[in-house]
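Engineer: Make a model of this:
(one chain, ligands or ions: 2)
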Amino acid sequence: MKPTTLAIHGAAGRMGQRLVALGHADPAVELVAAIESASSPNLGRDAGVLAGVGEIGVPLSADWPQSVGAVIDFSVPEAVDGVVARCLEHKFPLVIATTGFGETTRNAIEEAAGVIPVCWAPSMSLTVNIAMKLAEVAGRALADHPTGADVEIIERHHRFKEDSPSGTALGFGRVISDAMGQHQHTHGRHGRPGVRPHDEIGYHAVRTGDNPGEHTIVFGLLGETLELRVAATNRDCYASGALVAARWLQDKPAGLYDMQDVLGLRP
Ligand SMILES: NC(=O)C1=CN([C@@H]2O[C@H](COP(=O)(O)OP(=O)(O)OC[C@H]3O[C@@H](n4cnc5c(N)ncnc54)[C@H](OP(=O)(O)O)[C@@H]3O)[C@@H](O)[C@H]2O)C=CC1
Ligand SMILES: O=C(O)C1=N[C@H](C(=O)O)C[C@H](O)C1
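Structural biologist: Numbers count the residues shown, from 1 in each chain. Ligands and ions are numbered 1, 2, ... in the order given. Predicted coordinates for the structure are as follows:
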């Protein structure tokens, strides 16, 4: 099978560099474009050299290719609308991994998915996506528990992360509230908020050091507690997941997909 040709948007970033490195080592993909903003100080540098794997003949550039099998975006929320517009214009399949954008961008993604295949997921990690399924199972089983089950989501990330809570924490919250029906999403607590309502999911964002991402979902009952914890030890779980998604997406019909589809976790 021919390798999937790839463009990486945000190629000089923490994730972009791991994608360049893993993509270069993977015979199933061929990196053809490493895209950065027009103001990036890295324009013109070889993407492989920046990623620490030596020269690969792909310079960082603000220009988009004319043809590519799929685009992977790990950039910043403000850039995502532009990425979606470019992919629509050229009919490129698009993997969106960037987190932290709002409703307008979400709507643009949904609209674009009527024309091109889009995979949008806050975490490309296999174990996070398995944990989402487990959270759904736990949520369904505990939805009508007689003591009530309080759900708190604690996420830990590196000090450089700009959005809080993580897109993954919000994803866990969506899955659990769909299963259990909570309507209130509370971000941290201070002062005297009073007795905890059952109809609430609490989110807590910890930012320290170089943590590549960790999520703990607490289901607290009276008398017992269930915790689901999933943690990355480095960023390669996200990068390799994104490469799998790009290959999976390239021959799919237009539509909005996520990593549950890519990994075959959706029944
Ligand atoms: N879904 C998933 O599995 C994961 C998602 N993420 C998400 O991916 C995103 C990126 O994370 P990370 O790599 O750590 O962040 P970085 O800040 O390290 O990388 C972002 C890159 O995007 C570049 N960039 C900024 N603006 C533009 C633009 N207009 N056009 C092109 N490139 C641009 C930045 O360049 P410059 O520095 O010059 O501005 C930088 O190189 C975040 O939203 C994060 O939450 C992260 C890990 C996993
Ligand atoms: O910024 C990060 O690093 C990560 N962001 C994603 C998120 O917001 O969920 C995924 C992962 O946890 C790492």
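Engineer: C-alpha from now on. contacts and neighbour counts both.
Structural biologist: Will do.
Engineer: Tell me how this protein divides into domains.
Structural biologist: What the TED database lists as the domains of the chain is 4-124+235-263, 126-231.
Engineer: Nearest to ligand 2, out of those domains?
Structural biologist: For those, proximity to ligand 2 was assessed by Cα to the nearest ligand atom; domain 126-231 is nearest, at 3.5 Å.
Engineer: could you show me where the strands are in this protein, in order?
Structural biologist: Taking DSSP state E as the criterion, the chain carries its strands at 4-9, 29-35, 60-61, 70-73, 94-96, 117-120, 150-157, 184-187, 200-207, 214-220, 225-231, 255-257.
Engineer: Those into CSV, with extra columns for mean pLDDT and distance to Ala21?
Structural biologist: Shown next, in CSV, are those (pLDDT from 0 to 100; distance: least, Cα to Cα, whole Å):
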stretch, mean pLDDT, distance to Ala21
strand 4-9, 98, 12
strand 29-35, 98, 10
strand 60-61, 98, 14
strand 70-73, 98, 14
strand 94-96, 98, 18
strand 117-120, 98, 22
strand 150-157, 98, 22
strand 184-187, 97, 36
strand 200-207, 98, 26
strand 214-220, 98, 23
strand 225-231, 98, 22
strand 255-257, 98, 25
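Engineer: With respect to burial, which of the ones you listed scores highest?
Structural biologist: strand 94-96 (a mean of 28; mean count of other Cα atoms under 10 Å).
Engineer: I'd like the distance from it to the chain centre, please.
Structural biologist: 10 Å (Cα atoms, centre = their mean, to the nearest Å).
Engineer: can you tell me if that strand touches ligand 2.
Structural biologist: No. If you take Cα under 6 Å from any ligand atom as the test, strand 94-96 misses ligand 2, and the best it gets is 11.2 Å.
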